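1. structure for the following, please:
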Amino acid sequence: MTATYYQHVADLPTLKMANGGRLANLSLEGQAWLDARVMTSSSNESTVRPSLWSALTPPSPQSIWPTTEIITLSPSSINRYMACPRQFFYQHVLRLPTPASETLLQGLLVHGLMETLNRQFPEYPYSAQRLHDIFKLFMANNESLLKDPNSGLTYELYEQWNTLPTLLQEQLSQVIPNTIDDLEASGYFNQTPTAILSEQKIHYTHPSLPNVAITGALDALIGYESNDLTDNNDLRWKIVDYKTGQTSRYRQSDDKEQASLLKALEPLPINTEDALPLTHTERFKDRTSRNYQIPLYYLATQVDTKLQQALHNPPPTVDSIGLQVLRPSLGDGIGSRSISVSGTSVEARLDSCLSDLRQWIVEPLQQSDALPTVTGLHCQQCAFTAICNDPNIGKEAPRGPYAKNKTSGEGESP
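-> This is a model prediction of the structure:
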């Protein structure tokens, strides 16, 4: 199994392209990488670095994306870049596989349940009871469900479920039904939809982002009949992105959470109070609340012709766009909840969002000669710590590393 995994990594086209085939023998030399990962995660020898990866110098973004070449970005890859450019390089440029986690599996399972519910509508009722039924079928290894092309639950996911310890399976067997009950209590099923599109792929370009293609998948587009007699559109649409886990987030009042979503659409700061250029960490210090997903998904409904064809309504009327948090209540009454903003409010802020995206993410990717690590606590949680060859890994990033030193007048260029 290990050799197969290494060979899979070695055969990745992007990895071969970036390294001129130097890693084609990864299946033979990869044991050093595995040893380093194990030692890093199970002992204090955090400085161990596999010799195989010490020769892997991340190529310049210029060698990957000349200014005339299309950069493909998604909301998730943009979030990864804001968190750490080097992590973005490993995960979205080299496309190195990351290990599965219990949290990830829970998220995949809940997303799969919602995808199945959405795809089965209107053949089956859109209700919490139907979600419970789908979960029971999954737990029973129901062949018709796991083979159904319209199901978000697959044999592969069921096999991952079976690898979990028995105690964890029992815990999730309680958490997921409780999540469904809390979703119903939040009012999610109060209004019956007219139409639903699930896991709708998007791919588009826009003049504000030259040489950039935006890709991704919308978790759900839910259409409802309009109550406005003057509305010429047949349906009004709600764009929903499902969020699982992160029980410490989205716990403010509805008004504050909505204000936070709108704040995430405001322009990014340019300089610090003393006019020094911001570091990457300083510019994106509030990255957890900066959500490019909202404007980019909204824009997809306005310019992605394939998406519009699927909606039979070019361009559709987007009533709201936002997050549907899926989790059980922790005893404080704040469990599953919907946090959304109006389509008109996103439209009003769209130009500034795209300008920020171009200036602070696209252009640095095209122009920088390095993809630095954002050091600190983030490194301890990164799946690529054992292979990262950034010399600053694990160190606290000094303020303003790209600003000129006030004493010497010397400094690094971004």
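
2. quick check: L113 touching G152?
-> Yes. In this structure L113 lies within contact range of G152 using C-beta atoms under 8 Å: 7.0 Å. (Each C-beta comes from the backbone N, C-alpha and C, glycine too.)

3. shared neighbours, those two?
-> Counting by C-beta atoms under 8 Å, 6 or more residues apart in numbering, L113 and G152 have no common neighbour.

4. show the pLDDT at the residue lying closest to F121 once chain neighbours are set aside.
-> Using C-beta to C-beta, 6 or more residues apart in numbering and skipping residues adjacent in sequence, the residue nearest F121 is I196, 5.1 Å away. pLDDT for I196: 95.

5. ok, what's across the strand from I196?
-> Beta bridges link I196 to I222 when assigned by DSSP bridges.

6. give me the next element, helix or strand, following the helix or strand harbouring Q258.
-> Assigned by DSSP states H and E, Q258 belongs to helix 254-263. Sequence-wise, the next helix or strand downstream of helix 254-263 (DSSP H and E) is helix 280-283.

7. backbone phi and psi for the nearest residue to Y90 once chain neighbours are set aside, please?
-> Closest residue in space to Y90, ignoring its immediate chain neighbours: F384 at 4.6 Å, by C-beta to C-beta, 6+ apart. Main-chain torsions, F384, degrees, to the nearest 10: phi -110, psi 10.

8. please apply the same query to R236.
-> Backbone geometry at R236, expressed as degrees, to the nearest 10, gives phi -110, psi 130.

9. same thing with T215?
-> According to degrees, to the nearest 10, T215 has phi -130, psi 170.

10. go ahead and confirm it touches S76.
-> No. With contact taken as C-beta under 8 Å, T215 and S76 are classed as non-touching, separated by 9.8 Å.

11. please enumerate the strands of the chain.
-> Shown for the chain, the strands assigned by DSSP state E span residues 71-73, 195-204, 212-225, 235-244, 317-326, 337-342.

12. got TSV for the ones you listed, with mean neighbour count and distance to F135 too?
-> Below are these laid out as TSV (neighbours: other C-beta atoms under 10 Å; distance: least, C-beta to C-beta, whole Å):
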stretch	mean neighbour count	distance to F135
strand 71-73	18	34
strand 195-204	18	17
strand 212-225	19	18
strand 235-244	22	14
strand 317-326	22	13
strand 337-342	19	21
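
13. let's have these in CSV, adding distance to A310.
-> CSV is the format used below for these (distance: least, C-beta to C-beta, whole Å):
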stretch, distance to A310
strand 71-73, 21
strand 195-204, 6
strand 212-225, 8
strand 235-244, 11
strand 317-326, 14
strand 337-342, 21
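
14. out of those strands, nearest to F88?
-> strand 71-73 (9.8 Å; C-beta to C-beta).

15. give me the contacts around the closest one.
-> For strand 71-73, contacts defined as C-beta under 8 Å, 6+ apart pick out W65, N211, V212, A213, I214, T215, I361, V362, L365, Q366.

16. among those, which pair sits farthest apart?
-> The distance between the two most remote of the contacts of strand 71-73 (C-beta to C-beta) is 17.8 Å, for T215 and Q366.

17. any idea how far L265 is from P75?
-> Using C-beta to C-beta, to the nearest Å, one gets 13 Å for the distance from L265 to P75.

18. and for these two, which residues touch both?
-> Counting by C-beta under 8 Å, 6+ apart, the contacts common to L265 and P75 are N291.

19. show me what contacts D234?
-> Contacts of D234 by C-beta under 8 Å, 6+ apart are E225, S226, N313.

20. wait, which of the strands of the chain is closest to P85?
-> strand 71-73 (13.0 Å).

21. shouldn't A264 be in contact with N291?
-> Yes. Counting by C-beta under 8 Å, A264 does reach N291; the two are 4.6 Å apart.

22. which ones are touching I180?
-> I180 makes contact with L113, A128, L131, H132, F135, according to C-beta under 8 Å, 6+ apart.

23. for the residues you listed, which one is nearest Y242?
-> The closest of those to Y242 turns out to be L113 (C-beta to C-beta; 9.6 Å).

24. quick one: end-to-end distance for stretch 206-214.
-> Stretch 206-214 has its terminal residues 9 Å apart, counting by C-alpha to C-alpha, to the nearest Å.

25. and if you look at stretch 183-198?
-> This stretch, stretch 183-198, spans 18 Å end to end (C-alpha to C-alpha).

26. can you get me a residue count around C353?
-> Residues within reach of C353, counting by other C-beta atoms under 10 Å, total 24.

27. so who does R337 touch?
-> S186, Y250, D254, E257, Q324, V325.

28. doesn't K243 make contact with the last one?
-> Yes. Taking contacts as C-beta under 8 Å, V325 lies within contact range of K243: 4.9 Å.

29. overlap of the contact sets of the two?
-> With C-beta under 8 Å, 6+ apart, V325 and K243 have common neighbours Y250.

30. follow-up on the earlier one: of all the contacts of strand 71-73, which comes closest to K306?
-> Relative to K306, the closest of these is T215; by C-beta to C-beta it sits at 11.8 Å.

31. looking at this structure, which helix or strand does the model trust least?
-> Of all helical and strand segments in the chain, the minimum by mean pLDDT, DSSP states H and E falls on helix 26-29, at a mean of 33.

32. any idea how far Y242 is from S198?
-> 11 Å.

33. okay, and the common contacts of the two?
-> Here Y242 and S198 have M114, D219, A220 as joint contacts, going by C-beta under 8 Å, 6+ apart.

34. where does the prediction get shaky in the stretch 51-200 of the chain?
-> Applying pLDDT under 70 to the stretch 51-200 of the chain flags residues 51-67, 97, 99-100.

35. so what's Y224 up against?
-> Contact analysis of Y224 by C-beta under 8 Å, 6+ apart lists Q191, P193, T194, L235, R236, W237, K238, D319.

36. the fourth one and V318 touch, don't they?
-> I take that to be L235. No. Contact status for L235 versus V318: not in contact, 10.6 Å apart, counting by C-beta under 8 Å.

37. which stretches of the stretch 1-150 of the chain form helices?
-> Under the criterion DSSP state H, counting those that start in this stretch, the stretch 1-150 of the chain carries helices at the ranges 2-10, 13-19, 26-29, 31-42, 51-54, 61-64, 75-83, 85-88, 102-120, 128-139, 143-147.
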